[in-house]
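*Asks:* Pasting the sequence and the predicted coordinates here, then a few questions.
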Amino acid sequence: MTNAIANLLYSEEHEWVLQLDENRVRIGISDYAQKQLGDIVFVENPVVNDEITANESMGTIESVKAVSELYAPVSGSVTRVNEELNDTPEAINKNPYKEGWLIEVEISNPEELELLLNQDEYEAFIDEGEE
Amino acid sequence: MTNPYRYLPDTKQDQEEMLAFLNMSSIDELFEDIPSDIRLAGELNIPKAIPEPLLLKKMQRLTSQNKNANYYPTFLGAGTYDHYIPSVVNHMISRSEFYTAYTPYQPEISQGELQAIFEFQTMVCELTGMDVANSSMYDGFTSLAEAASLAVASTRRLKVLVSRAVHPESRAILNTVADGQGYTVKEVNLATDVTDLENLKEQIEQDTAAVIVQYPNFFGSIEDLATIKKIAEAKGALFIVSANPLALALLQAPGKLGADIVVGDMQPLGIPMAFGGPHCGYFSVHKKFMRKVPGRIVGQTTDDQGKRGFVLTLQAREQHIRRDKASSNICSNQALNALASAVCMTALGKQGICHMAQLNVEKADYMANSLQKKGFIVKNEAPFFNEFVVELPCPIKEVNAKLLEAGIIGGFDLESDYGFNNQMLIAVTEQRTKEEIDQFVEVLEAVVNG
Amino acid sequence: MVEYNELIFEISRPGRVGSNLPESDVEGIDLHDKFPKHLIRDLPAELPEVSELQLVRHYTALSNKNHGIDNGFYPLGSCTMKYNPKINEDVARFEGFSRIHPYQPADTVQGALELLYELQGELAEITGMDAVTLQPSAGAQGEWTGLMMVKAYFEHKGEKRTKVLVPDSAHGTNPASATVAGFKTVTIPSNENGLVDLKELKKHVDDDTAALMLTNPNTLGLFEKEILEIAKVVHEAGGLLYYDGANANAILGKTTPGKMGFDIVHLNLHKTFTTPHGGGGPGAGPVGVKKKLIPYLPVPRIEKDGEKYVLNSNQPLSIGRVKGYYGNFGILVRAYTYIRTMGPEGLRQVSEGAVLHANYLRKKLEPYFDAPFSQICKHEFVLSGSRQKKLGVRTLDMAKRLLDFGYHPPTIYFPLNVEECLMIEPTETESKETLDAFADAMIQIAKEVEDTPDAILNAPHTTIIGRLDEVQAARQPILRYIKETELEKEIIKL
């Protein structure tokens, strides 16, 4: 797994969650996800101040051949959106964990973080899927 | 096998060789997977095959029962028009590399089709003043419904306002589509021949996704797009215009008057009336809606040697990838007719299309004036393009019967769609000569007086 | 072949004309006297300015960069690329068909109405249905029309049903049409034989099921042998059965969707009934229904009143209009002419030929490509490129290599439930020699995968253009021609 940061949490929809502080997280998609999608051409993120709800669709991510829903891993209010992706969506392919981040969220329900997977659990989850 | 068919090349020997290769002795073995209960016992109960020379005679007889515009000057419009189609159009679309090809999903062997559609998209943008156009839709009516659906999805509002001056079939299809997608459609009243702006202001609300008008409208009148735009914008509603592309040669482009989406039918430019189809819807948008456009779009790119080429792009929106998340289910469109329209626009050219539109304006004006001089009332208060409404002292059905006796196909009866008694919508295209127009007026005069 | 790379706008020159219209025979008008200034065009639309010969050379050159059925074999699975008869083209162009207005009085177009009425009846007979509407413009629109009727049927019954079931092998228009009609889609997994899994189906069918949408044979080219059981499951739950007619070329004159238990059917006239694909349309997607759904058919309907043909819009339970006028009349004329050309025996032989050719080709290719299903196929079959994938060559590469042999590639990566899928539909109009030559090309490619994979990975080699950058096209879309201004040209020079 390239460039993964330690202490990331993951959802079963292949998003990663990085806790920035007590109330804020940063969200992106995993290396596995960007590989599955192929060359990314467009991202439809929510906008600042949008309310997102865990496990519900919050946007879409498009590659040449496929479109995937983005599912919110946690609930909360969007505080920042990675505008760079409007011009260079390929950043998600190149570095999904750093330059390819999607949004930052002020979370409303910290308990939801406990439902996410840690790196080992996520890797096991991927392996199960590939069998 | 009985009589050989010219579309079926297999001889008895071919069949035997293939069956032998399959270790089978009869074709029936290939259909054993069909349960016997559902196999047909005999042949289909349809008419027997007719050899080509006799079939041509039969089809000629069938068409001879139709009174066509080559012999009957046609003053019918209402969304489909008798316009001049340059001879080259049919020759170009009869090239079998175009018409027997599939959708250009393998771009390396479809550059011809892709480039022709890229050029079509460009021409539609030029006429409408919009940034992006797709490769065509089924027709102008369904195109309008798709525009409304886009507005609803984009604004996340569930109401759409459509003027009663929009074509009745457009409104009917819009209602069917809205019913499926779960949004509501309300109609804006008429102020004689145009949209009632006061009524529009009354009806528009924060929940309105879009305001839809037609340009020229169903009665031929020109709506004031600038004012309507202001009303829509004040409530954050999108402004959708359904426009006759020929009229756009002379009228200000809706894109320059603030339209968010411009749709319509290319039929006036290069496509035969053909009893209503196939025609060719077009769909054009402001660039902010680029990734929400339904259907197919051709884009320019380069190959691995840096050579310019064309591909279907933004395909992710289409049904074959998004499946149940797709915003539209359109698959086939009207590509060959888009090509016909592009050839027509090329043949007419920058000057010719203006000249053709000018002829329409002048002849319609001449006819309206001639009728008025004879005491008939022209109902349009706004300026009109090539159609107008005239009020007659007797039912339109009777008038049209008399016109038919004189060898003329009369205009559209506004009774059933609008409840306008004794009012006829007359279309005058560049194909109508002064003599034909004069004759129409004479017959009308005779009907009224005699 | 001379290479041609100009856009029509690039060969335009101000002042050239491609047509000659008459001068006005009535009084001239200054637009400013008639229209308000702000509604008059300020800048003209920049349409091309070329001579007629330039126009003809341009489009002729473009056609030479295109591959149609008339150029060569086109085994696109699911598309039925069969020969497009020329008599159909001639008849559709008869002035009595092309020069009539849809709103002319019915008395003046009896020939057109007769054609439509008879075609309705013939398509009903071919599909085993009780009534047909010719209005929808394409298969997808036919599906949507059918599903809107399903919706109306249950609403009228007072039942609320929100789900439409589709197999995982379904064509993308199926779930999309369901969504556009306001339903939720539920996907049913296929069994290991590629057919509908009856157990899974029974699990998912309930009183919220409005319909099951099926193609038969399915998108893998396999006949759903358990179709009567499937129909029973759905009908017993009170649901309806919808037939996607994309694969009707396999069953003409052999069986009908009506006999299989389907309640609604759509046909693709541009597939089974030879109307040309036209580079992506126009098509036609007539819909047939069993008696109980007749009240919901779109209006107007074409009926016979004594000896005359009439239009009837007085149908209170109709779903309304789905398309302008009466459908794609010009396309319907072509289909009618085809049905008259073939007659009942001819149509049956169409399906027999289609199925024979598909099985023959499949057996020829089976030693070289993985064939996921052993059941005899109908008019098309799927292969998997998984054997080749292990050696580093993907189905996409092999498809591009086929271009070098002058063939349009088969359908690739559909249906979704077969890895590295290739779907091949030869149709009945191809000769045995064509099938053999295609098989030879495919076998050669299979050998190249082992011996000289680069030949494939860098394919195509002989087409006029190489593989195009589709990523760039989607990231930075250029969707129209824009003229460089003189200023920009100057800047580039500097």
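*Replies:* Cool, got the structure. Residues are numbered from 1 along each chain as shown, chains lettered A, B, ... in the order given.
*Asks:* In chain A, mark out all the strands, start to finish.
*Replies:* Here chain A has its strands, by DSSP state E, at A:9-10, A:15-19, A:24-29, A:40-44, A:51-52, A:57-63, A:67-71, A:76-81, A:103-107.
*Asks:* Comparing those strands by mean pLDDT, which bottoms out?
*Replies:* When mean pLDDT is averaged over each of the strands of chain A, strand A:67-71 scores lowest at a mean of 82.
*Asks:* returning to what we had before: quick one: which of the strands of chain A is nearest C:Asn64?
*Replies:* strand A:40-44 (31.4 Å; C-beta to C-beta). C-beta coordinates here come from the backbone N, C-alpha and C atoms, glycine included.
*Asks:* so that closest one versus strand A:24-29, what angle?
*Replies:* 140 degrees (axes from the mean of the first three to the mean of the last three C-alpha atoms, to 10 degrees).
*Asks:* any idea how far the residue of the stretch 151-300 of chain B found nearest chain C lies from C:Leu116?
*Replies:* Residue nearest to chain C within the stretch 151-300 of chain B: B:Gly276 (2.6 Å; C-beta to the nearest C-beta). B:Gly276 sits 11 Å away from C:Leu116, going by C-beta to C-beta, to the nearest Å.
*Asks:* shared neighbours of those two, which are they?
*Replies:* Common neighbours of B:Gly276 and C:Leu116 are listed as C:326, C:329 (criterion: C-beta atoms under 8 Å, 6 or more residues apart in numbering or on different chains).
*Asks:* about what we covered before: not counting its neighbours along the chain, what's nearest the residue of the stretch 151-300 of chain B closest to chain C?
*Replies:* Nearest in space to B:Gly276, with sequence neighbours left out and distances taken as C-beta to C-beta, 6 or more residues apart in numbering or on different chains, is C:Tyr325 at 2.6 Å.
*Asks:* Quick check: phi and psi at that neighbour.
*Replies:* With angles defined as degrees, to the nearest 10, C:Tyr325 sits at phi 60, psi -120.
*Asks:* And it, how far from chain A?
*Replies:* Distance from C:Tyr325 to chain A, counting by C-beta to the nearest C-beta, to the nearest Å: 35 Å.
*Asks:* surely that residue meets B:Ala274?
*Replies:* No - with contact defined as C-beta atoms under 8 Å, C:Tyr325 does not reach B:Ala274; the gap is 9.4 Å.
*Asks:* what about these two, which has more around it?
*Replies:* Counting neighbours by other C-beta atoms under 10 Å in any protein chain shown for C:Tyr325 and for B:Ala274 shows that B:Ala274 has the greater number, 27 against 23.
*Asks:* In the chain, where's the longest helix?
*Replies:* In the absence of a named chain, chain A is used. In chain A, assigned by DSSP state H, the helix with the most residues is helix A:119-130.
*Asks:* hmm, I had chain B in mind actually
*Replies:* Max-length helix for chain B by DSSP H is helix B:335-373.
*Asks:* buried sites along that helix?
*Replies:* Buried residues in helix B:335-373, counted by 16 or more other C-beta atoms under 10 Å in any protein chain shown: B:335-368, B:370-371.
*Asks:* try stretch C:158-167
*Replies:* Result for stretch C:158-167 [16+ other C-beta under 10 Å]: buried residues C:161, C:163-167.
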